[in-house]
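Q: sequence? don't have it. structure:
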DNA sequence: TCTGGGGTCCTAGGACCC
DNA sequence: TCTGGGGTCCTAGGACCC
């Protein structure tokens, strides 16, 4: 008798209102109330909403929204400061559960604090998803939603339909039925700007973009991006879950000042501070930087960046901050500064496979685009 | 827009070279 | 100087994601 091989599935695990949920866990009296987390917790300061609880979202508060605006929409909310360390601890617990809860061999690809792909060969993916939800809740008190797909893109897109605390499956079979008439900007990798550009070219809906000729679109938006957008609209994506460790391409630190900087010696001092932090991060990675970049955001909100190769690869604060200070002199000294940022780049190893392509831009690939 | 911080990747244009 | 035709590298900016 032929041995039946279980089907390969991708599960996308996404914690529900993660940051707000972690805050409510340690302050149970906040349960059921509108909670908004971001910045220092003072909604009159320059910052944005990191996460709003479902109760706060009912008032129109969303992630990424300026805190001042959130405070206007929902003045009775509890405003809390963002506490990275607490979220990292909670995230590590969740990822540890995902690596161990099942007897099946699983691949785990971490996408961020509150997201991961699971790769598994099973004929009962819904059952596996529910086991994962129960295991995460039992260990951490946090609920997650899970999207199941035949590749990473479909799994990722499925999750939103399962929220909160549910499971949803999206495959080649129901992709167009579920997604076809939606606007392209809900797709992973297509944002507001690109959706507008595509709409101007006649592709507003997912099914319209999916029917486009990849090479034609490539001529209009670039040879890489054209075929990629069409592939995304068709629901195509990588089928393997990559559990290789994440290898950063760069390290950066930036600060938005509560009052714009106008005093150049202060600007230099802030750049040096940031450069020293970046150098410490580089050193902690045990790697050598080859290039340093400086980002300057002027009043009101226009941003410029400049960068310089280092004379020799280094992890030392001396040359990194010297390069950042050289760069700062090339900018306009007469304009108030809202933000400063320093970045160090590592060499790109063209041999190495992207260690974790789902960080940053959408990590697609896999299926050929025909 | 009142618009954070930490990342990744792609593209266009200029510089440079033969 | 009335100024070729690539190829490649570097840089800044833009778009996107969590």
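A: That came through fine. These numbers come from a predicted model, not from an experiment. Numbering: from 1, shown residues only, chains lettered A, B, ... in the order given.
Q: Residues of chain A that sit close to DNA strand B?
A: With Cβ under 7 Å from any atom of the strand as the criterion, chain A comes near DNA strand B at residues A:39, A:46-48, A:50, A:63-66, A:68-69, A:72, A:221-225, A:248-256, A:281, A:300-301, A:338-339, A:341, A:354, A:357, A:359-361. (C-beta placed from N, C-alpha, C; glycine too.)
Q: For the residue of the stretch 151-300 of chain A found nearest DNA strand C, list the residues it contacts.
A: With Cβ to the nearest atom of the strand, the shortest gap between the stretch 151-300 of chain A and DNA strand C falls at residue A:191, namely 2.4 Å. Residues counted as contacts of residue A:191 (Cβ atoms under 8 Å, 6 or more residues apart in numbering) are residue A:185.
Q: With the one 4 residues further on instead?
A: Residue A:195 makes contacts with A:183, A:184, A:185, A:204, as judged by Cβ under 8 Å, 6+ apart.
Q: need these in a markdown table with neighbour count, can you?
A: Formatted as a markdown table, those follow (neighbours: other Cβ atoms under 10 Å):
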| residue | neighbour count |
| --- | --- |
| A:183 | 14 |
| A:184 | 25 |
| A:185 | 16 |
| A:204 | 17 |
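Q: ok, which pair from those is furthest apart?
A: A:185 and A:204 (9.6 Å; Cβ to Cβ).
Q: Give the buried residues for stretch A:296-311.
A: Within stretch A:296-311, the residues scored as buried using 16 or more other Cβ atoms under 10 Å are A:296, A:297, A:298, A:310.
Q: again, but for stretch A:95-103
A: A:95, A:97, A:98, A:101, A:102.
Q: Could you do stretch A:187-202 as well?
A: Using 16+ other Cβ under 10 Å as the test for burial, stretch A:187-202 gives A:187, A:188, A:189, A:190, A:194, A:195, A:198, A:199.
Q: what's the straight distance from one end of that stretch to the other?
A: 17 Å (Cα to Cα, to the nearest Å).
Q: can you check stretch A:49-57 too?
A: Taking Cα to Cα, stretch A:49-57 runs 11 Å from one end to the other.
Q: now that stretch: mean pLDDT?
A: Taken as a whole, stretch A:49-57 has an average pLDDT of 96.
Q: cool, stretch A:221-240 as well?
A: Averaging pLDDT residue by residue across stretch A:221-240 gives 96.
Q: how far out from the middle of the chain is it?
A: In this view, stretch A:221-240 has its centroid 19 Å away from the chain centroid, taken as Cα atoms, centre = their mean, to the nearest Å.
Q: what helix or strand does residue A:14 sit in?
A: Counting by DSSP states H and E, the element that carries residue A:14 is strand A:8-15.
Q: which other helices and strands contact that strand?
A: Counting contacts by 3 or more Cβ pairs under 8 Å, 6 or more residues apart in numbering; DSSP states H and E, the secondary-structure elements packed against strand A:8-15 are strand A:115-121, helix A:125-140, strand A:144-149, helix A:152-162.
Q: what's the most buried one of those?
A: Each of the helices and strands packed on strand A:8-15 was scored by mean neighbour count; the highest is strand A:144-149, a mean of 26, by mean count of other Cβ atoms under 10 Å.
Q: Adjacent strands (with direction) for that strand?
A: strand A:8-15 (antiparallel), strand A:167-170 (parallel) (DSSP bridges).
Q: Distance to residue A:143 and mean pLDDT for the ones you listed - can I get that in CSV?
A: As requested, the strands paired with strand A:144-149 are arranged in CSV below (distance: least, Cβ to Cβ, whole Å; pLDDT from 0 to 100):
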stretch, distance to residue A:143, mean pLDDT
strand A:8-15, 7, 98
strand A:167-170, 12, 98
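Q: CSV for the ones you listed, including mean neighbour count and distance to residue A:126?
A: Below are the strands paired with strand A:144-149 laid out as CSV (neighbours: other Cβ atoms under 10 Å; distance: least, Cβ to Cβ, whole Å):
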stretch, mean neighbour count, distance to residue A:126
strand A:8-15, 24, 10
strand A:167-170, 23, 6
